[in-house]
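[1] the following comprises the amino acid sequence and a computationally predicted model.
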Amino acid sequence: MRASLIQIAVNDGESVASRRQRAAELVREQSGSDLVVLPELWTVGAFAYEQFETEAEPLDGPTFEVMSKAASDVGVWLHAGSVVERAGDGSLYNTALVLSPSGELAATYRKIHRFGFDQGEAVLMSAGDSLTTVVLPEQTLGLATCYDLRFPELFRGLVDAGATTMVVSAGWPARRREHWTLLNRARAVEDQSYVLACATAGTHAGVEQAGHSLVVDPWGEVLAEAGPGEAVLTVDLDPAKVAETRDQFPALKDRTLGRP
Ligand SMILES: O=C(O)CCC(=O)C(=O)O
């Protein structure tokens, strides 16, 4: 399975509408990939709190429309990053969208762990309450968004639900980049899964983004890593590697706590 991660730059000077069109073009350039991944809140910017209300959209809103067409034009599975979702009752969620190669909405994931402690996303958004896995022909994706990366029990839950490839979509600040790299590798090693970790580049709302998206294999080896700027990472995943790793070093079978 060939996966492409689009580390798009989110800078204050560019409008959301322009970035949407640019992201769609970048998706279209990935023909030949089976799965394309975008980062968290790449439309508005993960730290552009004051724009969350105005840029909020329903699940079938402008981001879905543009991304659905891009996915079906190239026939890829598309993790379209996350959007500020306005739910039917008016509340906001940080919601990831996964589109099928025919452009249909195949899955959504509402971020469970909201970032900001007592400000920003943590007070403006509601929390999701359920895990999401997506069955693809060769891998089962387990979805996580940014701050979720700090909560290993979420990933164990995804393993128990059948995930073999974790997709971490993020808008991670540059000042904690070491945590980003370390935690993505840790999740790959402890859950014996591929990790596709796609972050934003650029600077918005005064927060420089880490970039440094990476793909980690189930043994913890970094297969590809971006620099700080806008970039696309393309990597071939071996469909047998997760089962092989779990068979040859069966640590997951030795779990005693928290098993379902
Ligand atoms: O945990 C971190 O250091 C960053 C999390 C974050 O920026 C987010 O979830 O939006």
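    Happy to help now that I have it.

[2] stretch 25-35: which residues count as buried?
    Buried residues in stretch 25-35, counting neighbours by 16 or more other C-beta atoms under 10 Å, are found at 26-27, 30, 33-35. All C-beta spots, glycine's among them, are computed from the backbone N, C-alpha and C.

[3] what is the most widely separated pair among those?
    26 and 34 (16.3 Å; C-beta to C-beta).

[4] centroid residue for the protein?
    residue 169 (2.1 Å; C-alpha atoms, centre = their mean).

[5] close to the ligand, is the strand ranked longest in the chain?
    Identified as the longest strand of the chain according to DSSP state E is strand 77-86. No. Between strand 77-86 and the ligand, judged by C-beta under 6 Å from any ligand atom, nothing touches; the nearest distance is 9.8 Å.

[6] for stretch 183-199, same thing?
    No. Figure legend: stretch 183-199 not in contact with the ligand (C-beta under 6 Å from any ligand atom); closest approach 8.5 Å.

[7] and that stretch, which residues are buried?
    So stretch 183-199, judged by 16+ other C-beta under 10 Å, has buried residues 183-189, 191-199.

[8] with stretch 53-70 instead?
    Going by neighbour count (16+ other C-beta under 10 Å), the buried part of stretch 53-70 is 55-57, 59, 61, 63-64, 66-68, 70.

[9] for the ligand, tell me which of the residues you listed show up nearby.
    Answer for those near the ligand: none qualify (C-beta under 6 Å from any ligand atom).

[10] the buried residues of stretch 183-199 in strands, which ones?
    Among those, the residues falling in strands (DSSP E) are 194-198.

[11] relative to residue 150, which of those residues is nearest.
    Of these, the one sitting nearest to residue 150 (C-beta to C-beta) turns out to be residue 197, at 13.1 Å.

[12] partner residues bridging the closest one?
    Using DSSP bridges, the beta-bridge partners of residue 197 come out as residue 168, residue 214.

[13] these two touch, right, it and residue 215?
    Yes. Residue 197 is within contact range of residue 215, at 7.4 Å (criterion: C-beta atoms under 8 Å).

[14] residues that sit against both of these two, list them.
    residue 5 (C-beta atoms under 8 Å, 6 or more residues apart in numbering).

[15] how close does residue 89 get to residue 126?
    Distance of residue 89 to residue 126, computed by C-beta to C-beta, to the nearest Å: 9 Å.

[16] quick one: which of these two has more around it?
    residue 126 (15 against 6; other C-beta atoms under 10 Å).
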